[in-house]
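# got a structure for you, letters missing:
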């Protein structure tokens with residue numbers, strides 16, 4: 001595997017840290033800024049375009065998003081990666097664990113997430129992309 005340029009690693013790590021902190025602080029505008037304009041988030045069997053983020057983030061449980069360092073594979077102005085997540089729900093301190101699978105693009109504003117997909121790690125040992133856990137969870141507005 002070719003060496004990944006350290007400045008790119010630092011920039012992407014900071015981008016992903018901004019995502020986690022913005023989710024923790026319930027700052028949807030800051031969450032949207034870490035994505036490309038055509039970016040998307042996938043979980044619960046659905047893919048949500050950027051336009052759906054305000055509704056999706058508003059419906060999400062509130063709490064602490066703890067992330068680990070990402071594993072990155074960059075090739076020029078594009079790349080992929082994975083990052084572990086431990087989410088701690090604020091009111092109950094229940095946890096959800098799993099990992100993100102991402103794609104990145106370098107833009108005129110720097111590196112941005114293009115796609116982010118969540119895989120949950122279940123107590124049963126299963127790994128899945130989630131089932132609706134809240135009947136009020138919004139459906140995506142576009143496929």
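It's in. Since we're looking at a predicted model, the values are computed, not measured. Numbers count the residues shown, from 1 in each chain.

# Please, where are all the helices along this protein?
6-24, 28-33, 53-59 (DSSP state H).

# Figure out which of those helices is closest to residue 109.
helix 28-33 (8.6 Å; Cβ to Cβ). C-beta coordinates here come from the backbone N, C-alpha and C atoms, glycine included.

# Could you list every helix and strand in contact with that closest one?
helix 6-24, helix 53-59 (3 or more Cβ pairs under 8 Å, 6 or more residues apart in numbering; DSSP states H and E).

# got the buried residues for the longest one?
In this case it means helix 6-24. 8, 9, 12, 13, 15, 16, 19, 20, 22, 23, 24 (16 or more other Cβ atoms under 10 Å).

# Closest one to residue 67 out of the residues you listed, please.
residue 20 (4.6 Å).

# out of the helices and strands packed on helix 28-33, nearest to residue 46?
helix 53-59 (9.4 Å).

# from the chain's centre, how far out does the closest one sit?
13 Å (Cα atoms, centre = their mean, to the nearest Å).

# Summarise which helices and strands it is packed against.
When contacts are defined as 3+ Cβ pairs under 8 Å, 6+ apart, helix 53-59 sits against helix 28-33, strand 35-43.

# that older thread, mind putting the buried residues of helix 6-24 into TSV with pLDDT and distance to residue 85?
Below are the buried residues of helix 6-24 laid out as TSV (pLDDT from 0 to 100; distance: Cβ to Cβ, whole Å):
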residue	pLDDT	distance to residue 85
8	97	22
9	96	19
12	98	16
13	98	14
15	98	15
16	98	10
19	98	10
20	98	8
22	96	14
23	96	10
24	97	12
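
# Pick the one among those residues closest to residue 106.
Out of these, the member with the shortest distance to residue 106 (by Cβ to Cβ) is residue 8, at 7.9 Å.

# Run through the bridge partners of the most centrally placed residue in the chain.
Central residue check for the chain by Cα atoms, centre = their mean: the C-alpha nearest the mean position is that of residue 116, 4.7 Å away. Beta bridges link residue 116 to residue 41, residue 102 when assigned by DSSP bridges.

# All set, thanks.
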